[in-house]
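Q: structure of the sequence below:
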Amino acid sequence: MIRVQYSNDVYDYVPGRILNQQLARKNVKRFYRYSEEKWVTIGIDRVRGVGGIYDGPERRGFQPAFAS
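A: Below you'll find the predicted structure:
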């Protein structure tokens with residue numbers, strides 16, 4: 001569960017997939033990033049899926065081929 005502060009200043013805990021939906025709807029003012037032990041403010045801090053272009057090999061869902 002992720003701690004969020006909505007645009008109306010109400011606090012809540014939501015699962016990650018709900019946070020994604022709320023971010024897309026612009027309903028979140030900030031959320032707490034436990035890995036960095038800090039609040040992430042929308043429009044100021046980097047948010048998942050926003051920013052730079054990755055210019056490397058696709059690694060998501062990669063399944064290495066193993067020789068039998």
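Q: what are the buried residues along stretch 14-33?
A: Neighbour counts using 16 or more other CB atoms under 10 Å place Val14, Leu19, Gln22, Leu23, Val28, Lys29, Arg30, Phe31, Arg33 of stretch 14-33 among the buried residues. Yep, even glycine has a C-beta here, placed from its N, CA and C like the rest.
Q: skip the chain neighbours and tell me the closest residue to Ile2.
A: Nearest residue to Ile2, sequence neighbours excluded (CB to CB, 6 or more residues apart in numbering): Leu19, at 5.2 Å.
Q: what does the helix or strand the one you found falls within contact?
A: Taking DSSP states H and E as the criterion, Leu19 maps to helix 16-24. Contact partners of helix 16-24, identified using CB atoms under 8 Å, 6 or more residues apart in numbering, comprise Ile2, Val4, Tyr6, Val14, Val28, Phe31, Ile42, Val47, Arg48, Gly49.
Q: only whichever of the residues you listed are buried, select them in ChimeraX.
A: If you want just the buried ones from the contacts of helix 16-24 in ChimeraX, going by 16+ other CB under 10 Å, the selection is:
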select :2,4,14,28,31,42,47
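Q: and the contacts of helix 16-24, which two are the farthest apart?
A: Tyr6 and Gly49 (19.2 Å; CB to CB).
Q: can you tell me the strand partners of the host helix or strand of Lys29 and which way each runs?
A: Element membership of Lys29, judged by DSSP H and E, is strand 28-33. Next to strand 28-33 in the sheet, as set by DSSP bridges, lie strand 2-6 (antiparallel), strand 38-41 (antiparallel).
Q: can you lay out those strands as CSV showing mean pLDDT?
A: Converted to CSV, those look like this (pLDDT from 0 to 100):
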stretch, mean pLDDT
strand 2-6, 96
strand 38-41, 94
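Q: pLDDT weak spots in the chain?
A: 48-68 (pLDDT under 70).
Q: wait, a strand at Asp9?
A: No: the assignment for Asp9, made by DSSP: H, G, I helix; E, B strand; the rest coil, is coil rather than a strand.
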